[in-house]
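Engineer: Below is the sequence, then the predicted model.
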Amino acid sequence: MRTLIPIDDPDDPRIAAYRDIRERDLVGRQGRFVAEGKVVLNVLFSASRFAAESVLLRDNRVAGMEEILRRVPEKVPVYVASAAVMDAIAGFPMHRGVLAIGRRECEEDAQALLARLPKRALVVALSGIANHDNMGAIFRNAAAFGADAVVMDAGSCDPLYRKAIRVSVGAALKVPFARASTAEDMVEALLRASFTILALSPRGERDIAQARRRARTALLLGAEGPGLPAALLDRLPSVRIAMREDFDSLNVATASAIALHRLWR
């Protein structure tokens, strides 16, 4: 049976990394991230690219966590607290009652990540995706439809933000990702790595259903509202998702699912 460490004081220094989750999400965690929920912890301790520092469970959730706890390395402490103590630690009601602290790796250079992908690869490229729900959903779709990696520009938000990880159901911990300084630099890195780039836009030249996937293909997505920069749309092959003429566009995460499914099939 796994040794569990009781926490009775919200100010216990051993759980300092979990304190005031919402506020600290906004300012960073000094090389750490928060994984939340049973499904996400299952990824963290089975298929994740990241290591964990500790686990914090609400006492009434322990009984359903036996299988996951068996995969937690012995050196990783597992703390247990009552609902009242856990809520005081987090700074709001923690209904899920399942948390872990993971360690970030040094962020990989986009060019280096692309260079080590297989000869046949599918990449999702993101420009200005600033919404964490959309980021998490795009990673979930990337995992579901076999994308080998995600690359993004500096204007895109953090895939390891707590909410993005949760929405991705752990896919943000599983799918490799890297960042370029600008969308233009990201596109140049993809082209140097022999990727055919398909820019997805409501004004795309042809329907995604007619697009042919090459050995190395990248699907380029832009933020809702502004979409992709005009300069990129002018120089890259563009695709659209056909829909009724009296409707404009889809949520970017939904659009990514449709387009990735087409490319995957």
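Structural biologist: Sure, I can see it.
Engineer: Show me where the stretch 1-150 of the chain has its strands.
Structural biologist: Secondary structure of the stretch 1-150 of the chain by DSSP state E, counting those that start in this stretch: the strands cover 5-6, 32-36, 51-58, 78-81, 98-103, 121-127, 149-152.
Engineer: Quick one: the helices in this protein, in order.
Structural biologist: For the chain, applying DSSP state H gives helices covering 21-27, 38-44, 66-69, 83-90, 110-115, 132-144, 162-167, 183-192, 230-235, 252-264.
Engineer: Quick one, which of the strands of the stretch 1-150 of the chain gets closest to A215.
Structural biologist: Closest approach to A215 among the strands of the stretch 1-150 of the chain is made by strand 121-127 (7.7 Å; Cβ to Cβ). No exception for glycine: its C-beta is placed from N, CA and C like everyone else's.
Engineer: Who are the packing partners of the closest one?
Structural biologist: Counting by 3 or more Cβ pairs under 8 Å, 6 or more residues apart in numbering; DSSP states H and E, the packing neighbours recorded for strand 121-127 are helix 132-144, strand 149-152, helix 183-192, strand 216-222, helix 252-264.
Engineer: closest to P93 out of these?
Structural biologist: Of all these, helix 132-144 comes closest under Cβ to Cβ, at 20.0 Å.
Engineer: Buried residues of the closest one, list them for me.
Structural biologist: H132, N134, M135, G136, A137, I138, F139, R140, N141, A142, A143 (16 or more other Cβ atoms under 10 Å).
Engineer: Kindly report the same for stretch 41-52.
Structural biologist: Across stretch 41-52, burial judged by 16+ other Cβ under 10 Å covers L41, N42, V43, L44, F45, S48, F50, A52.
Engineer: What is the end-to-end distance of it?
Structural biologist: 10 Å (Cα to Cα, to the nearest Å).
Engineer: what distance separates that stretch from the centre of its chain?
Structural biologist: 13 Å (Cα atoms, centre = their mean, to the nearest Å).
Engineer: quick check: mean pLDDT across that stretch?
Structural biologist: Averaged across stretch 41-52, the pLDDT comes to 92.
Engineer: go on, stretch 100-113?
Structural biologist: pLDDT averaged over stretch 100-113 gives 90.
Engineer: Stretch 156-173 too?
Structural biologist: The predicted model gives stretch 156-173 an average pLDDT of 94.
Engineer: Over to stretch 225-243?
Structural biologist: 89.
Engineer: and it, C-alpha only, in PDB?
Structural biologist: Extracted C-alpha coordinates of stretch 225-243, given in PDB (Å, rounded to 0.1, in the frame of the first residue of the first chain):
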ATOM      1  CA  GLY A 225     -11.500  37.000 -35.100                       C
ATOM      2  CA  PRO A 226      -8.300  38.200 -36.800                       C
ATOM      3  CA  GLY A 227      -7.400  34.800 -38.200                       C
ATOM      4  CA  LEU A 228      -4.100  34.300 -39.900                       C
ATOM      5  CA  PRO A 229      -1.900  37.200 -41.000                       C
ATOM      6  CA  ALA A 230      -2.600  38.300 -44.600                       C
ATOM      7  CA  ALA A 231       1.000  38.000 -45.500                       C
ATOM      8  CA  LEU A 232       1.000  34.300 -44.600                       C
ATOM      9  CA  LEU A 233      -2.300  33.700 -46.400                       C
ATOM     10  CA  ASP A 234      -0.900  35.300 -49.500                       C
ATOM     11  CA  ARG A 235       2.200  33.100 -49.700                       C
ATOM     12  CA  LEU A 236       0.800  29.700 -48.500                       C
ATOM     13  CA  PRO A 237      -1.700  27.200 -50.000                       C
ATOM     14  CA  SER A 238      -4.900  27.800 -48.100                       C
ATOM     15  CA  VAL A 239      -7.900  25.600 -47.400                       C
ATOM     16  CA  ARG A 240     -11.300  26.100 -45.900                       C
ATOM     17  CA  ILE A 241     -14.100  24.000 -44.400                       C
ATOM     18  CA  ALA A 242     -17.200  24.100 -46.600                       C
ATOM     19  CA  MET A 243     -20.300  25.300 -44.800                       C
END
